[in-house]
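Trainee: Okay, here's the prediction I keep looking at, along with the sequence it came from:
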Amino acid sequence: MGKVTIQVYQNKNRKSAAYQKFYGRVVHTTPIDAATLCKHTAMDSGIEESNVTTIYDAQLKQMKEMLCNGHPIKIDGLGIFKIGLSSTGVTEEEVKQKHPEFNPETDDIRKYLSARQVKKARLLFIPCDAIKEALRGVKFESDKSDWDI
């Protein structure tokens, strides 16, 4: 299984209940870019690297399109990617101010809400059980031998 190095950091946020506590943080190594991933995939599969790259590019294009149209993408053995969002909340009173015809007793508030309430979209990833299990098997090593308390 894999091995990940961790380093110590101290919470310096005075507003946090965990202020001045020490925590471990993953030391990230060099990111793997698409070209390197395609090269390794070609070596493992016996398929020409140019063909792997073409398929990768096409699949990435399709994933972006599908995600941006609201479709979650399930990649077997990896997990699910889907769009999430942050939005501002409104009260029934605020809806009533903008739409005097709104009656909370009889109307469905959802038809008065607007996409303008969306603050930002983000990409969510939910790992599959196999990835969760693999992560449980990762060994961690400290970059400092005196970290053990």
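Mentor: Done, it's in. Numbering: from 1, shown residues only.
Trainee: just checking, V4 is part of a helix?
Mentor: No - membership of V4 in a helix is not supported by DSSP: H, G, I helix; E, B strand; the rest coil, which gives strand.
Trainee: so who does it touch?
Mentor: Neighbouring residues of V4 by C-beta atoms under 8 Å, 6 or more residues apart in numbering: V26, V27, V138, K139, F140, E141. Every residue, glycine included, has its C-beta placed from N, CA and C.
Trainee: any idea which helix or strand carries the residue nearest to the spatial centre of the chain?
Mentor: Compute the mean C-alpha point of the chain, and by C-alpha atoms, centre = their mean the closest residue is L124, 3.7 Å away. For L124, the host element (DSSP states H and E) is strand 118-127.
Trainee: other SSEs contacting the worst-scoring helix or strand of the chain on mean pLDDT?
Mentor: For the chain, using mean pLDDT, DSSP states H and E, the weakest element among its helices and strands is strand 139-142, scoring a mean of 84. Other elements packing on strand 139-142 under the criterion 3 or more C-beta pairs under 8 Å, 6 or more residues apart in numbering; DSSP states H and E are strand 3-10.
Trainee: Check the model's average confidence along the strand it packs on for me.
Mentor: Mean pLDDT, strand 3-10: 87.
Trainee: Please identify the buried residues of that strand?
Mentor: Neighbour-count burial for strand 3-10, with 16 or more other C-beta atoms under 10 Å as criterion, is recorded at I6.
Trainee: and it, how far from the chain's centre?
Mentor: From the chain centre to the centre of strand 3-10 is a distance of 21 Å (C-alpha atoms, centre = their mean, to the nearest Å).
Trainee: what's the angle from the lengthiest helix in the chain to strand 118-127?
Mentor: Ranked by number of residues, the top helix in the chain under DSSP state H is helix 49-68. For helix 49-68 against strand 118-127, the angle between stretch directions is 130 degrees (axes from the mean of the first three to the mean of the last three C-alpha atoms, to 10 degrees).
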